[in-house]
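**Student:** got a structure for you, letters missing:
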């Protein structure tokens with residue numbers, strides 16, 4: 001299931017009956033007995049369920065003449081992004097993180113709150129406030145306002161502002 005931007009398909013998940021590799025949709029011959037169906041999990045996907053012969057189980061018992069099916073279902077995991085706001089008040093400024101509206105693309109987000117997204121590339125920004133300068137924006141450890149999210153990712157972006165020292169010029173005539 002690729003409902004969160006995932007791009008993998010059935011051929012991207014190695015399948016096994018016991019320890020033997022099998023191909024998706026290919027009927028194989030076995031001797032009578034009980035077998036375990038499994039797969040190699042892939043990053044960004046969660047196992048929803050395994051059903052064999054209509055039952056929610058990874059075990060299937062084959063008797064002579066049986067023709068049975070097992071299905072493994074995976075779902076892409078929505079990537080998550082948290083935007084943090086850091087405010088440096090070393091020159092008498094009084095604003096804090098909640099005073100700067102934060103955005104991912106055009107959607108408003110709150111400081112420190114993890115949000116789900118569809119896989120893709122996003123721009124992190126803010127509304128600047130008078131008396132403060134933008135120091136930097138980092139996403140996923142890089143100095144950039146762009147972040148690319150793939151299925152299963154959990155990433156962070158931080159926007160840093162610093163209060164600007166007030167200036168005064170005194171003239172003598």
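**Tutor:** Structure received. Just so it is clear, the model here is predicted, and its values are computed rather than measured.
**Student:** what's the residue nearest to the spatial centre of the chain in contact with, if anything?
**Tutor:** Nearest residue to the geometric centre of the chain (C-alpha atoms, centre = their mean): residue 79, 1.8 Å. Applying C-beta atoms under 8 Å, 6 or more residues apart in numbering, we find residue 79 in contact with 4-5, 44, 116-119, 149-155. Yep, even glycine has a C-beta here, placed from its N, CA and C like the rest.
**Student:** of the residues you listed, buried ones?
**Tutor:** Neighbour-count burial within the contacts of residue 79 applies to 4-5, 44, 117, 119, 149-153, 155; the criterion is 16 or more other C-beta atoms under 10 Å.
**Student:** quick check, nearest of those to residue 94?
**Tutor:** Checking the buried ones among the contacts of residue 79 against residue 94 by C-beta to C-beta gives residue 155 as the nearest, at 30.6 Å.
**Student:** Report the beta-bridge partners for the closest one.
**Tutor:** Counting by DSSP bridges, residue 155 is bridged to residue 81.
**Student:** which of the buried ones among the contacts of residue 79 lies closest to residue 18?
**Tutor:** Among the buried ones among the contacts of residue 79, residue 44 lies closest to residue 18 (C-beta to C-beta), at 26.6 Å.
**Student:** okay but that closest one is in contact with residue 2, surely?
**Tutor:** No - applying C-beta atoms under 8 Å as the test, residue 44 and residue 2 come out as separate, 10.1 Å apart.
**Student:** joint contacts of these two?
**Tutor:** Common neighbours of residue 44 and residue 2 (C-beta under 8 Å, 6+ apart) are 8, 76, 151.
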